[in-house]
Every structure is written in C-alpha cells, then in structure tokens.
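Enquirer: Starting from these lines, generate the structure:
(2 chains)
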Amino acid sequence: MQTLNSYAPEIIRIVMAVVGGAVVVFGNALVMGYMERKLAGHFQRRTGPMEVGFHGLLQLVIDGIKLMSKQLVIPAKADKPLFMLAPIISFAPVFLPLLVIPFSDRIQGFDLDVGLLFVLAIASINVLAVLVAGWASNNKYSMFGAFRAVAQNVAYEIPMLLSLLAIVFMTNTFSLRGIVEAQTVWFIVLQPVAFIIYLICMVAETNRAPFDLAEAESELTAGFHTEYSGMSFSLFMMAEYTNMFIVSCIATVFFLGGTSGIPLPYFEYTGIIWFLLKVYLFMFFLVWIRWTYPRTRFDQLMNLCWKYLLPISLVNLLITVVVVKL
Amino acid sequence: MNVDVIEDERQHQFVLNMGPQHPSTHGVLRVLLKMEGEYVLDPQPVLGYVHRCHEKIGEYKPARAFMPNTARMDYLGALIYNQGYAMLLERAAGIEVPRRAEYIRVITSELNRIQSHLLWYGAYLLDLGAFTPIMYAFDDREHILDTLEDICGSRLTYCYCRVGGVCKDIDDKFIERTRAFIERLRGRLPMYEKLVNGNIIVQKRMKSVGNYTPELCARYGVTGPLLRAAGVEYDLRKAEPYSVYSEFDFEVPTEQQGDAWAAFNVRYREIEQSLRIVEQALDKLPEGEVMEAKVPKKLRLPQGDYNCSVEAPRGELSYYLVSDGSDIPYRIKVRTPSYSNLSVVPEVCKGMMIADVVTSMGALDLVIPEIDR
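Expert: Predicted structure coming up:
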C-alpha cells in the first residue's frame, strides 16, 4: 500500500498532463481554425464565417461534425493499411512535445534535460507520415507532395537547429525551462539573426505558405493529402495546427522570454497569459504571410536553405561560440 | 567483376495527367506531361472537352442569329467578340454605323477588356499560390459587371451589338458610373503595384520563365500580349485601326524579355491604356442615333468571302465568312487567339519544372471555351 500511495501523485500527474495535452491540441485546432478563416476573410475584404453562432463562432463545431460523418474513401489501388496509418502517424506524436513546453512556472508536464532535442526529434516524425501518405495513396500528385515535403523538411531542420544551438551555447542547457529562466534580456535582442532564420525555418517546417510546396494546390491539386477525406484529412489538419503551435511555443521560449512579461491584474496567471499571447502572435504571423505571399518554386526554396540560411546560421553559431566561450 | 547496369530511360519517366479537372488549367483543358522528377520533358495539350460546334451551328441559321454564339466562345471578351462579328456583317452588307454607336462599342469593349485583364490578374496570382489578390481584383471587376449589366442586361455573355449599331443607348447613369470606376481603379492600381508587382517572390517566379521570341511567335501565330512581351509592337487597334480607335490617344505597351514577367507587365499596363481610351471616348461621345435605320429585316450577304479582325484581350480574333448569296452563311470560321497561343506550349514548356509550366500557362491567359469553340 505504501508504494502505491507514493506512486499515486505521479500517476495523477501523468493523467493530467495527457488530458491537458489533448485539451491543448483540440482547443488549439478550434481556435486556429476559426482564427485562420476569420483572418483570411478580413485580409480578403470579406467577413469569413458569419452564419453559425455569433460571428461564426460555432462554425468549427459544425465542420467537425461534417468531417466526422463523412465517408472515408480509400482509392482502389491504394496500400490500405499504410493509407489508414498515415494520418495516425502524423497526429499521434504531436501530443509529446507539449509535455515539455513550460507554459508557465507551474504548468509543465515534465522538464526534460534534453527538452529541445526531444521536441525537434518528435516533430520530425511528421515527415514520415507525409511520406507514407504520399506513397500509400497511389497517386502521382500525392507522391510529388511527399517527395517535396521530405526534401524540404530535412533541409530546413538543419538551419533551424543551428540557429537554436546558438542560444543553447549561451545558456548551457537544453532544458526549455532553463532557457526561459536564463533570459534576463530576451534573446530576440541578443540573437536577431538566429531569430530571423528560425522564423523562416518555422514556416518551412510546418509546410505553410509561402513554403507549402507539399500541398501546392495550383500544381499538385492538394499534394500529399489529395486522396484523403473526412476524419483522416482532419487529422492531418489538426497535426498541422498543432505543429504550428509547437514551433510557435519554441520561438516564444527561445526568443521572447517565454512566460516573462509585465505583471497583469490576474497575478497568478500572468505567466500563462503572456505565454499564450506571444504564441498566438507567432500564429498570427504564420496566417498573415500565408494569405499575403505567393508560393516559391521548389528550387528557389532549396536555394534559400542551402545557399543562404545554412551558411548564415553556421557563421552566427561560430560568432556566438567565440563571443560566449572566450 | 563489372556488372552492367541496364539504364532504361523509360524507368525514370512517367506521365502526369494534368486536367481535365485541375485547379490551374482554368477549365476543362487536359495537358499530358511526360515528366522526369520535377522536370517536364514533353507537355502535350489535349483539347476537345468543351467543343460545342459553334462554327457548324453558324451554317444553319441566319447570319445575324449567330451573334449570341460569339459571346459564348470567349466568355471574358464577349463584347469584343460581338463587335468583331457585327463589323464583319456590316462590312459584308455595306452598312454604315452611326458614330455614337461606334463610340459606345469602343467604350463597352474596353471595359470588357479591363474586366478580362482583372480576372486574369487575380487568377494568375492564384496559380502562383497567392490567394488574396483575386478577391481584390474581383472587387474591382464587379463594378464593371454591374455597370455593363445595366445597359446590356447580362453580366458575362453579352449580346449587345447589332448589325448597324448597338441595341440600347447608354444613359447618364452609365457615364457617371463609368467615370467613377475609372477614378476608383486609377486609385487602386498603385496599391496593386506596391503589394503584388513589387513582391520579390512574384518577380522571381515569373522572370526568365518562357522564352518568347518574335520568330517563335510568328511560327506559331502567337498574338496579343505575349507577342508584345516578345518586343513586337503589334496591336490591331494601332496596326489596322478599326471602328474609331484611330481617334484616341493611347500607347501599345511592349516589353523586350519575352518571359512570363514581361507578359505580366504588358497585360497590367494595358489596363491603364484601356482606362485612357474609355475616358477619352466618354469625353468625345457624340450625340445621335445608336442604330442604323436602314438595316433590312432579312440580311442577305452578297456572294463572296469576308474577313474581319479585332484585338481581343488574348490576341487577334478573326472572323472569316463565306456567303453564297443567301441569308445563311455557307461557312463561318473563327480564328481565336488562345488556340494559337496554346499551340506554343509544347515548345516553350519543354524542360521546365512543373511549377514553371503552371506559370507559363497562366501567362497565356487561356479561356478554354475559346480554344474548343
């Protein structure tokens, strides 16, 4: 009995973390779905959803019901098990990075010593899902989308990690909480180059326009998810939104001081409010550029990474190391 | 020991079927792309999905009754197609058109051209992946459609011209609205330039995509903005001024590079020139009738063959009519610009990346019903 009692708080903690993760994933998908449609509407001189609920607030609920009730069409010559598996591979891992993100001083699932590596490692599983989806669909457009996604994500992970490594050198820790606590001055001031590189890589890693080559609908109809419908499609969408959320969280933790900010009247919740505000600032940025810029061409995208971002981030890392360690 | 690896070319290549339903073919055009990786080795357009036998229909009914069909060939340049056909019949039957009617035809045709270019502007940027410009372009275009709807009765497939004039006179409200629209669009063009034309991604996507030379254009019969983008200053409104175009002061925009970016700029600058023509036409608009009174009920065209060419938004449009002396034409042949412009695709798009094929097909501004007729 004694042992069970001592385990109990830990089990409750795990359950709460998982439930909290699920709340964040689905809550974020609802908020982002609404935000994206509404913002896109206003960027384009229309109102966006208006009919269901006050200013279309319930639109996403209706959409969810529609997506769930739709038939899952599996193409005749598709690889059925892989085809069904791909959305799950895409969606399942997105819970994990949420566990290590410090939402506030007290809200954090688990403070890993290698938090950053954990997040990046989990985030790269999404590439596998895209590749499986493209392959299993037995569709040339899907295949194209998958090829592009793999080349793009593998390429952009490198400058992304290099730009973040510069900060790891400054703080001497991979732990996300440690990095938040190390920021007396926000690192956006000390590492502006790393910030810009990360910002570009962040857009490319989440496959969002102007780098949405994997689903470029004017070339590849819908890229890797051409053949997906109903719930399997919405799993891809939710994974995309959660990935956006995660990269925005990392940006907040590394460059905008995480939870730090002017104390608000709701003193207890100041940290989490500031954190979410900063995260959604990045999300707004992602939506904003998606509806503003045209898509780049694939070779231009690769040139940007290998010819500019990679050398610049290496030089930035080198300078940081020299300044910090000498 | 050396092992010979048999490299079969065909193992690397595959055929991608783009269309008939595809977001960037703008209609039911099908293009078979023989690909190697991202590169297109051999693009072949496949036509005929919206063929409606317009030319054959023309052989079964009185020449005048073909007018509505012309509007349905190019749904974006309907008034210009109307005007061309009316001019053909007038030329054949020797009918004079009142000056006011000529002016009205020019005004409506140029408005039609502007709305066609605005739609292309939005749709082309949509091809490049920019969603938002099309909404702005549609917003402007809507004003033209509303204005034209008031006098023509329809928004897209007009049948406004008649043999010997136009069916309805324009009123003060139309003039007022058109002037307001000119004012509005002039105010918005700088915004387009700032937001879109100056964008580095837009420029990088279009520059040095496609290589149109005057020689290539002559070989395939490419006309319109693409020919002018290759550096040939050829616009029928200037080269063989029909109607009353010789009375207006306007320029023919040309570029030298012959790529998609040049074509983009030519079309974009044509909007401004069309605005100038409309403005001058409104200023000079003469009084009088809009319909010639002495047009016979049954229009018998003298035996012979007749031709008439006008400058449509996409290039040179020609009507060719053979008459055997009755009121029903023996043969009508329409030379539509998009058909010839499309024929250049297999040569120009060879060796491009698939994204560039989309870019250069967008620069052609294809209207599929015009290709298939």
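
Enquirer: Spell out which parts of the stretch 201-350 of chain B neighbour chain A.
Expert: Taking C-beta under 8 Å from any C-beta of the partner chain, the part of the stretch 201-350 of chain B that reaches chain A is made up of B:201, B:202, B:204, B:205. C-betas here are computed from N, CA, C, even on glycine.

Enquirer: Most neighbours out of those, which is it?
Expert: Scoring those on neighbours with other C-beta atoms under 10 Å in any protein chain shown, the highest-scoring entry is residue B:205 at 26 neighbours.

Enquirer: Distance from the chain centre to the helix or strand that residue falls within, please.
Expert: According to DSSP states H and E, residue B:205 maps onto helix B:200-206. Using C-alpha atoms, centre = their mean, to the nearest Å, the mean C-alpha position of helix B:200-206 is found 24 Å from that of the whole chain.

Enquirer: in the helix or strand following that helix, what's buried?
Expert: Towards the C-terminus, the helix or strand next in line after helix B:200-206, according to DSSP H and E, is helix B:214-220. For helix B:214-220, a neighbour-count test (16 or more other C-beta atoms under 10 Å in any protein chain shown) marks B:216, B:217, B:220 as buried.

Enquirer: so can I have TSV of the residues you listed showing pLDDT?
Expert: Written out in TSV, the entries for the buried residues of helix B:214-220 read as follows (pLDDT from 0 to 100):
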residue	pLDDT
B:216	88
B:217	88
B:220	89
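
Enquirer: Just the terminal-to-terminal distance for stretch A:101-120.
Expert: In stretch A:101-120, first residue to last residue: 12 Å (C-alpha to C-alpha, to the nearest Å).

Enquirer: Show me which positions of that stretch end up buried.
Expert: Counting neighbours by 16+ other C-beta under 10 Å, the buried set in stretch A:101-120 is A:101, A:102, A:103, A:104, A:108, A:109, A:112, A:115, A:116, A:118, A:119, A:120.

Enquirer: Tell me which two in those are the farthest apart.
Expert: Set against one another by C-beta to C-beta, the buried residues of stretch A:101-120 have their most distant pair in A:104 and A:120, with a gap of 22.5 Å.

Enquirer: Please, which helix or strand holds residue B:360?
Expert: Take DSSP H and E as the rule and residue B:360 turns out to sit in helix B:354-363.

Enquirer: Mind giving me the packing neighbours of the helix or strand following that helix?
Expert: With elements assigned by DSSP H and E, the helix or strand that comes after helix B:354-363 is helix B:368-372. Helix B:368-372 is packed against helix B:67-73, helix B:337-342, with contacts defined by 3 or more C-beta pairs under 8 Å, 6 or more residues apart in numbering or on different chains; DSSP states H and E.

Enquirer: any idea which of those helices is most buried?
Expert: With neighbours taken as mean count of other C-beta atoms under 10 Å in any protein chain shown, those reach their highest mean count in helix B:337-342, at a mean of 24.

Enquirer: What is the distance between that one and the centre of its chain?
Expert: Computed by C-alpha atoms, centre = their mean, the separation of helix B:337-342 from the middle of its chain amounts to 10 Å.

Enquirer: Residue 29: what's it in contact with?
Expert: You didn't pick a chain, so chain A it is. The neighbourhood of residue A:29, defined by C-beta atoms under 8 Å, 6 or more residues apart in numbering or on different chains, consists of A:60, A:237, A:238, A:241, A:242.

Enquirer: ah, I was thinking of chain B
Expert: Contacts of residue B:29 by C-beta under 8 Å, 6+ apart are B:19, B:20, B:45, B:46, B:47, B:49, B:342, B:366, B:368, B:371.

Enquirer: likewise residue B:130?
Expert: Taking C-beta under 8 Å, 6+ apart, we find residue B:130 in contact with A:292, A:293, A:294, A:295, B:196, B:202.

Enquirer: Relative to residue A:88, which of those residues is nearest.
Expert: residue A:295 (28.3 Å).

Enquirer: ok but the closest one is inside a helix, no?
Expert: No. Inclusion of residue A:295 in a helix is not indicated when DSSP: H, G, I helix; E, B strand; the rest coil is applied; the result is coil.

Enquirer: Next up, the contacts around whichever residue of the stretch 101-250 of chain B sits closest to chain A.
Expert: Nearest residue of the stretch 101-250 of chain B to chain A: residue B:129, at 2.9 Å (C-beta to the nearest C-beta). For residue B:129, the set of contacting residues under the criterion of C-beta under 8 Å, 6+ apart consists of A:209, A:210, A:212, A:216, A:217, A:218, A:293, A:294, A:295.

Enquirer: Quick check: the two most widely separated of these?
Expert: Taking C-beta to C-beta as the measure, the contacts of residue B:129 reach their widest spread between A:217 and A:293, a distance of 14.9 Å.

Enquirer: From the contact counts, what lies against the one helix or strand in chain A whose mean pLDDT sits lowest?
Expert: Across the helices and strands of chain A, mean confidence by mean pLDDT, DSSP states H and E is lowest for helix A:217-220: a mean of 73. Helices and strands touching helix A:217-220, by 3+ C-beta pairs under 8 Å, 6+ apart, are helix A:140-171, helix B:354-363.

Enquirer: need the next SSE after whichever helix in chain B runs longest, C-terminal direction.
Expert: Under DSSP state H, the helix in chain B containing the largest number of residues is helix B:99-127. Following the chain from helix B:99-127 toward its C-terminal end, the next helix or strand by DSSP H and E is helix B:132-152.

Enquirer: Would you mind writing the CA trace of that following helix as PDB?
Expert: Listed next in PDB are the C-alpha coordinates belonging to helix B:132-152 (Å, rounded to 0.1, in the frame of the first residue of the first chain):
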ATOM      1  CA  THR B 132      -5.700  37.300 -51.800                       C
ATOM      2  CA  PRO B 133      -5.200  39.300 -55.000                       C
ATOM      3  CA  ILE B 134      -8.100  37.600 -56.700                       C
ATOM      4  CA  MET B 135     -10.500  38.900 -54.100                       C
ATOM      5  CA  TYR B 136      -9.300  42.500 -54.700                       C
ATOM      6  CA  ALA B 137      -9.400  42.100 -58.500                       C
ATOM      7  CA  PHE B 138     -12.900  40.600 -58.300                       C
ATOM      8  CA  ASP B 139     -14.000  43.500 -56.200                       C
ATOM      9  CA  ASP B 140     -13.000  46.000 -59.000                       C
ATOM     10  CA  ARG B 141     -14.300  43.700 -61.700                       C
ATOM     11  CA  GLU B 142     -17.700  43.600 -60.100                       C
ATOM     12  CA  HIS B 143     -18.100  47.400 -60.700                       C
ATOM     13  CA  ILE B 144     -17.700  46.800 -64.400                       C
ATOM     14  CA  LEU B 145     -20.100  43.900 -64.500                       C
ATOM     15  CA  ASP B 146     -22.700  45.900 -62.600                       C
ATOM     16  CA  THR B 147     -22.300  48.900 -65.000                       C
ATOM     17  CA  LEU B 148     -22.500  46.700 -68.100                       C
ATOM     18  CA  GLU B 149     -25.400  44.700 -66.700                       C
ATOM     19  CA  ASP B 150     -27.400  48.000 -66.600                       C
ATOM     20  CA  ILE B 151     -27.200  48.500 -70.300                       C
ATOM     21  CA  CYS B 152     -26.600  45.100 -71.800                       C
END
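
Enquirer: Please point out which parts of that helix sit buried.
Expert: Within helix B:132-152, the residues that count as buried by 16+ other C-beta under 10 Å are B:132-141, B:143-145, B:147-148, B:151-152.

Enquirer: Find the nearest non-adjacent residue to residue A:99, please.
Expert: Nearest in space to residue A:99, with sequence neighbours left out and distances taken as C-beta to C-beta, 6 or more residues apart in numbering or on different chains, is residue A:109 at 3.4 Å.

Enquirer: from memory the one you found sits against residue A:98, does it?
Expert: Yes. Here residue A:109 reaches residue A:98: they are 7.0 Å apart, a contact under C-beta atoms under 8 Å.

Enquirer: Identify the contacts common to these two.
Expert: Between them, residue A:109 and residue A:98 share these contacting residues under C-beta under 8 Å, 6+ apart: A:20, A:21.

Enquirer: picking up where we left off before, between the contacts of residue B:129, which has the most around it?
Expert: Ranking the contacts of residue B:129 using other C-beta under 10 Å puts residue A:216 first, with 29 neighbours.
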